[in-house]
Each structure stands twice: as structure tokens, then as C-alpha cells.
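Peer 1: Everything below, folded, please.
(chains A, B, C and D)
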Protein chains: 2
Amino acid sequence: MASEHSVPPTISEVAAAAGVGRSTAARTLGGYGYVSPELRERVLAAAERLGYRANALARSMSTGVTQTLGVIVADIANPFFGGVVRGISDASRARGVETLVLSTHEDLAEEIAATDVLIDKRVDGIVVASAALDVGSAAHIQQARDRGIPVVLVDRAVTGLLLDTVVIDNRAAARDAVAKLVAAGHRRIGFVWGPPLEDRPQRRRELTDVAARNLWTDAQRLQGYLDALDDAGILFDADLVMVGRKTEENAEVEVTRMLGLEHPPTALFCTENDAVTGSLRALRAAGLRVADDISLIGFDDSSWAAVMEPPLTMIEQPTLALGTRAAEVLFAAIDGESPAPQVHTLRTRFVERASVAAPRER
Amino acid sequence: MASEHSVPPTISEVAAAAGVGRSTAARTLGGYGYVSPELRERVLAAAERLGYRANALARSMSTGVTQTLGVIVADIANPFFGGVVRGISDASRARGVETLVLSTHEDLAEEIAATDVLIDKRVDGIVVASAALDVGSAAHIQQARDRGIPVVLVDRAVTGLLLDTVVIDNRAAARDAVAKLVAAGHRRIGFVWGPPLEDRPQRRRELTDVAARNLWTDAQRLQGYLDALDDAGILFDADLVMVGRKTEENAEVEVTRMLGLEHPPTALFCTENDAVTGSLRALRAAGLRVADDISLIGFDDSSWAAVMEPPLTMIEQPTLALGTRAAEVLFAAIDGESPAPQVHTLRTRFVERASVAAPRER
DNA sequence: CTGTTAGCGCGTTCAG
DNA sequence: CTGAACGCGCTAACAG
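Peer 2: Predicted coordinates for the structure are as follows:
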């Protein structure tokens, strides 16, 4: 006879087996209230014998706490978010809290649905890398807060949303990187990756307007690029920014286009990993060597960047730290120890290798 | 006056607001049983007005279904697992099911604890990339099954555990790759990465014994390597396998050691991404060029591999597909449509590029 | 210090 | 076709 799935024993059964009342069992097993050593021992023994494990669902029902955090990111397959989630996960585990991870494909509608799910499941808190551009499109986040669920933003701030936010200083990092290029003597510097412009902007103003209507990190990095140009008194040239979809393929296409300009860029600033590989493809196709023929700096360091020929100079983001910090801030809020919402800015690391050199003589 | 966090309305409140009984409201909102169109309308209106959302916890309490899957992997920050989780997540979302992701740092004790948590939280099913070597160390998985929770293994089989398993054919993939190296004329082929041997094995038998006591995928890939050598009638040389910790640093150290041998390898087979980058570091330090001086094939394709100089020949794993397939199999089991447990083998893709050439004349 | 009692919010018989 | 009543398993007041 096939043994049926053993129905997990309840606390009442343990109590019965130990010959005590339900709540005495509950108290010892739940670790609260007073229980005489003697009874305590009997309960523990019975629980052990029956293989008792508390039903977390029932417990959450009455305590209102699920020991679960909700995490919303665009794409868990992206190593950047993988690192962030790992950070959150590690920090939470230390507190006995698990994480429900939802991947939204960078789609706001999915993000909103994800938020609803997390609210319904009564998570204790939410950390989200939101696709929302400003408060106007962040009603779902407000809603979670209204329901009493603490929320912290990670990786991306949401303009106008006064919430704990854990980010890096994208603008400053970009500015510094481009400044290094300028310092090496470059004046024609290509900007590869977002924000996704549909047409080549004619004026600088137009560009920043579009940027503001797009992903926060992209806009910030673009601003940093413009800042650096300003600092150096270099005129912005619309031909040197990537236009169109944010894919490795399009990065290749756009860099190829730039290389065909009358005055091609002598350096490239890539704000994402796929921008780097896309650019590299274009350079190879054009028979150009990094450093010797054209300089390059990229965002998101990777062990691959170090083994390229030449090794690539990159901006490293503290992915794990972003996650652990976000979790810490969230737990502080959950514990009610949170002061006023704050923006927590983590440091990036400029990993200088050998992909930057002086511009080639013409 | 600061508005308090609005306590979410319960179904009873909706019923009251609509002037009907609780269960009438429950029936319309839950979408079961009969309800007159008229009352139905009133309930819906009231629910809308109050912003009613069902408490998933309470629902799970009475239905016994959580609409949640548990996923256990070694490291969510690893792009391979990131892809797998993304696949599971996407497939689940389509069914309205979310995923609780637990990262175990490749530690069996953590994996066991993770399993307990998932059981306690009453997930509907579990997919796990287990660190267990054989049935003996897989009691926790059996336990979940005993509790009535379907489990499917992904990425790694567990010897002796008769369960639905979704994997690639690691052994065949490795064998084929090494065979390509042999076909190119190589006879001294280095094996870089796991299983982590403490000392250099003296005999082949000793090696496979150790392998069997380690990570399944590592053992399989090593077997494939040995298979290919056998096929070609090449004698196994213990000096050509990596020994020690599985880290990029140690891969570099070990490859450097191999390069210093009297008869150094003319080709390298790297069974993981960090093995590739570690090897590359060693080659660069030795002033050796890939293909020209030494051939190389790696596991886990990445967009970086395509932009290396020369582009690297790699074995690509279908990470997303592993995840979606695992989810499908799991759902079949949850729906009770599962036939006998089965091993589902997904195809890898051999991405031929330019890192393999004939061995250099001495 | 212990046992009894009352919820938590929802699903589901079962009379009416 | 509707509403009252009970149960899921656990926590938490509250008497005793």
C-alpha cells in the first residue's frame, strides 16, 4: 500500500501528545511566554517525535508578519540585478527573512502587477528598481506605502518620490570617466547606449528633455557626459550619441555609423555592458584597435574586461552592497527605526586598465 | 491629521457595503458558485469602491495552495542561475505563480534549511539545483516529497534520486568539445576547473573516484574529457588537470603551472566561465596568444567571448530553457499529470569561433 | 504558570 | 439562489 503523504502535524497534535494545552505547546514552540521547564521538555520531545514544523502561513495570518521581502527588478538574468538580489537575499537570510523575486522585463505595467501581488501576499517590505520615471507613474509604490508596507528604491531614484533610495552617483561616475578621456586629449567622445532616442537630437536641450523622460540611470549618465564636455568647453555634437533601441546589435550599428563620420570619435564612453561588447564588435569590423586607434571606457566591470587585449578601463558598481544596503535600510523601516527618507549613495570604483590612450594623430 | 495606513478591506466589509451576505460576496469575488447578476453587480461595485483585494495568505490557508514556487540555487548572482531563474519566473508568471528564490552559496546545510523554509511556507512546488551528491545526502528532498510537495531537479541530477530532472548532457558536450581539440591535432589537453582535487591524482581511477564525490556537473564534464581521450587513445596525464579551489585565481595559478611543464598543454578545456578568464590571465602573463600558441574551448557562452581576440569557441547552455522546462515539468506534477519521473535533457550549442587551431610546431 | 477562548480572512458545506 | 456556520493552524488576551 503506497504510503500517503503524511499530513504535517499541527501544534494541537503536539499538545495532545505531550499531554498539555495548545497554548502551552504554542508558547514553548513559539518561544514566548512562560512555561515550566518540565512541560517545556515534554512538549519539545513530542514535537521532535512527531516532526513538528510550524505552518508559516497560519503564523503569518495571526501575526501579520510573513518574514518575506518582495524584490522587483527588471531582469533577474542581468548580472547587475543578480548581484543586487544576492545582496538583498544574503542580508535578509541573516534575519530569517526570505525574498520573493519578481522580474518585470522593464515594463511598468508588469511592475504594477508585481506590486499588487506583493501586497496581496503581505510581504513585510519591498525593494524595487523601478521603471517609473517620476511620481506621476509611481502610484503603485505609493499604494504599497499606504497599505503600510515599507518600500525602498534601489539602483534608480524616482524623481519627486520621497523614499529611502539606495543608488550610486551615476552622474558623477560618468562625468569622471569622460573627464579621464578628456584629460587624455580626446575631444570627440562617443556616447554609447541609452537613453533610447528615436531621432538624432538637433539640440542639446532636446536631448536632455528626452533623457528626462527615460530610465533614470540612463539620464544621469548622459548628464554626467554632458557635464564633462561642459567642464572642458567641448561643444556637444549630436552625431556622437547613440540613437535607437538599447541592444548590443544597435550599439554596433551606431558605433559603426559614428566611425564613418567625417570627424569620427577618438574615444567611446559605454554606459552598459552590452554597449561595450557592441562597440567592440564595431571596432573589430572596422579593423580598429582599442587604445591604439580609439579609447574606451565602460560601465559595469566584469572579469572579462580584465582579460581583453588590451584590458578595459571600467567603472565598477558595488552590486552586492547596493542590495545589502537596501535590505538594511528596509529592515530599519520595518522595525520602525527609520528617520526621514534619505538617499544613500554608494561609491563606484574606477578600474583603470589600458583601454585609454592619447588620441591617434590624424 | 496624518492619515493612518488604511487597513485593507476584508470580504466581509465588501459584503456589508453591498448589503449581501459574506459568502455571496465571496462567491462573486472568488468566481465560483451561483450569484444573481443583480447582486453580483452590487458586490463588484462595492469591491471596486473600497479597493478590495483578496488576502492571499488567508486564501492559501483555506485552499492549501500558495501560488508560489520555491527555487533553490547555489548563487543567484551567477549569470547561469540568473538565466535559469528568469526562465522559471517567466513560465510561472504566465500561470499567476510567483517564485521564492533562495541562494545557498553551494552549501548543503543551507540547502537543507532552505528546503525547510519552503516547506513551512507551503510552496506549491520546488525546483532545486542541488548540491547533494547522491540519495544519501538528499533526505531533505525526500522529505519535501513526503510532505506532498512536488520537486524537480535542474542543472544537476542527484545520483540514485528518481525524480524529474532537467539538465543538459554535460558529459557529451565535454566529450564533443575535447574531440574537436583532438581533431585539430592536439594530444596534450589541459582540463581547467572542477572537481576540486586536493592533490594531483596519480591514477585515473583515483580521479574519477574523487569526481564522483563532488558536484555532479563537474564530474560529468570530467568524464566527458576522459571519454574523448579514450576515444583518441590518448593517455591520461594527471599533470594536465587543475587541482585545488575552484576560483579564477587558482585557475590562473594552475594553468601557469601546466605551462611550465616539460610537455605543456597545447590546448585548454575550461568547464566554467571563471576558468576561461583565469586561463586567459595565465596565457597573457606567459605571453602566449590564443589559437596561435594554444587552443581553448570554454563552457557557458557570453557576449564577451565573441569580442575577444580571437573570438572564443564556446559551449552554450540553454539557461532560460532549462528554467522554463523545469517549471513546465513541475506544473505538470502539481496538476497531477505527471507520468513516471524522467530525465529531460536539453541540447547545448557548440559555438565555433576562432580559438582552436592546430598545435604549434615545437 | 497554565488552559480556555477568541479571532486572523477566506473557502466551503449545508440548510433555508 | 442566498446566507449562516464551521474549519484551516496559529497567536494572544484573559481568566484561573
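Peer 1: Excluding chain neighbours, what is closest to A:Ser103?
Peer 2: A:Ile76 (4.5 Å; C-beta to C-beta, 6 or more residues apart in numbering or on different chains). Just so you know, the C-beta spots here come from the backbone N, C-alpha and C atoms, and that holds for glycine as well.
Peer 1: if I look at the one you found, how far off is A:Arg204?
Peer 2: Distance of A:Ile76 to A:Arg204, given as C-beta to C-beta, to the nearest Å: 36 Å.
Peer 1: The helix or strand encompassing A:Leu280: which residues count as buried?
Peer 2: Element membership of A:Leu280, judged by DSSP states H and E, is helix A:273-285. Using 16 or more other C-beta atoms under 10 Å in any protein chain shown as the test for burial, helix A:273-285 gives A:Asn273, A:Asp274, A:Ala275, A:Val276, A:Thr277, A:Gly278, A:Ser279, A:Leu280, A:Arg281, A:Ala282, A:Leu283, A:Arg284.
Peer 1: With stretch A:91-99 instead?
Peer 2: Applying 16+ other C-beta under 10 Å to stretch A:91-99 flags A:Ala91, A:Ser92, A:Arg93, A:Val97, A:Glu98, A:Thr99 as buried.
Peer 1: Could you work out the end-to-end span of it for me?
Peer 2: Stretch A:91-99 stretches 10 Å from its first residue to its last (C-alpha to C-alpha, to the nearest Å).
Peer 1: Same question for stretch A:174-192.
Peer 2: 12 Å.
Peer 1: can you tell me if it touches chain B.
Peer 2: No - with C-beta under 8 Å from any C-beta of the partner chain as the criterion, chain B is not reached by stretch A:174-192; the gap is at least 13.7 Å.
Peer 1: Any idea how far that stretch is from the middle of the chain?
Peer 2: Its chain's C-alpha centre and that of stretch A:174-192 lie 26 Å apart, by C-alpha atoms, centre = their mean, to the nearest Å.
Peer 1: Relative to A:Asn214, how far out is the closest residue to A:Ala138 other than its chain neighbours?
Peer 2: Nearest residue to A:Ala138, sequence neighbours excluded (C-beta to C-beta, 6+ apart): A:Ala132, at 4.2 Å. As judged by C-beta to C-beta, A:Ala132 and A:Asn214 stand 12 Å apart.
Peer 1: ok so, going back, let me have the buried residues of helix A:273-285 in JSON lines, extended by distance to DNA strand C and pLDDT.
Peer 2: Shown next, in JSON lines, are these (distance: C-beta to the nearest atom of the strand, whole Å; pLDDT from 0 to 100):
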{"residue": "A:Asn273", "distance to DNA strand C": "44", "pLDDT": "95"}
{"residue": "A:Asp274", "distance to DNA strand C": "43", "pLDDT": "96"}
{"residue": "A:Ala275", "distance to DNA strand C": "47", "pLDDT": "98"}
{"residue": "A:Val276", "distance to DNA strand C": "49", "pLDDT": "98"}
{"residue": "A:Thr277", "distance to DNA strand C": "48", "pLDDT": "98"}
{"residue": "A:Gly278", "distance to DNA strand C": "48", "pLDDT": "98"}
{"residue": "A:Ser279", "distance to DNA strand C": "52", "pLDDT": "98"}
{"residue": "A:Leu280", "distance to DNA strand C": "53", "pLDDT": "98"}
{"residue": "A:Arg281", "distance to DNA strand C": "52", "pLDDT": "98"}
{"residue": "A:Ala282", "distance to DNA strand C": "55", "pLDDT": "98"}
{"residue": "A:Leu283", "distance to DNA strand C": "58", "pLDDT": "98"}
{"residue": "A:Arg284", "distance to DNA strand C": "58", "pLDDT": "97"}
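Peer 1: follow-up on the earlier one: for burial, what's the neighbour tally of the residue nearest to A:Ala138?
Peer 2: By the criterion of other C-beta atoms under 10 Å in any protein chain shown, A:Ala132 has 22 neighbours.
Peer 1: before we move on, back to that, filter the buried residues of helix A:273-285 down to the ones near chain B?
Peer 2: Among these, chain B is touched by A:Asn273, A:Asp274, A:Thr277, A:Leu280, A:Arg281, A:Arg284 when using C-beta under 8 Å from any C-beta.
Peer 1: give me every residue that touches the second one.
Peer 2: I take that to be A:Asp274. Contact analysis of A:Asp274 by C-beta atoms under 8 Å, 6 or more residues apart in numbering or on different chains lists A:Trp193, A:Lys246, A:Thr247, A:Glu248, A:Ala251, B:Ser303.
Peer 1: Give me the buried positions along stretch A:54-71.
Peer 2: Using 16+ other C-beta under 10 Å as the test for burial, stretch A:54-71 gives A:Asn55, A:Ala56, A:Leu57, A:Arg59, A:Ser60, A:Met61, A:Thr66, A:Gln67, A:Thr68, A:Leu69, A:Gly70, A:Val71.
Peer 1: Please, where are all the helices along the stretch 1-150 of chain A?
Peer 2: A:11-18, A:22-30, A:37-50, A:56-63, A:79-93, A:108-120, A:139-146 (DSSP state H, counting those that start in this stretch).
Peer 1: Does chain B have contacts with the longest one?
Peer 2: Yes - for helix A:79-93, a contact with chain B is found by C-beta under 8 Å from any C-beta, at A:Pro79, A:Phe81, A:Gly82, A:Gly83, A:Val85, A:Arg86, A:Ser89, A:Asp90, A:Arg93.
Peer 1: Closest to B:Leu153 out of the buried residues of helix A:273-285?
Peer 2: Distances from B:Leu153 to those, taken as C-beta to C-beta, are shortest for A:Asn273 (30.9 Å).
Peer 1: From DNA strand D, how far off is that closest one?
Peer 2: Taking C-beta to the nearest atom of the strand, to the nearest Å as the measure, A:Asn273 and DNA strand D are separated by 46 Å.
Peer 1: Could I get the contacting residues of that residue?
Peer 2: With C-beta under 8 Å, 6+ apart, A:Asn273 has these contacts: A:Pro79, A:Gly298, A:Phe299, A:Asp300, A:Ser302, B:Ser303.
Peer 1: Buried only: go through those residues for me.
Peer 2: The buried subset of the contacts of A:Asn273 (16+ other C-beta under 10 Å) comprises A:Pro79, A:Gly298, A:Phe299, A:Asp300, A:Ser302.
Peer 1: Just confirm the second one contacts A:Val276, I think it does.
Peer 2: Yes - when contacts are counted by C-beta atoms under 8 Å, A:Gly298 is listed as touching A:Val276 (3.9 Å).
Peer 1: shared neighbours of those two, anything?
Peer 2: With contacts defined as C-beta under 8 Å, 6+ apart, the residues shared by A:Gly298 and A:Val276 are A:Cys270, A:Ala305, A:Leu312.
Peer 1: Restricted to strands, list the residues you listed.
Peer 2: Members of those lying in strands (criterion: DSSP state E): A:Cys270.
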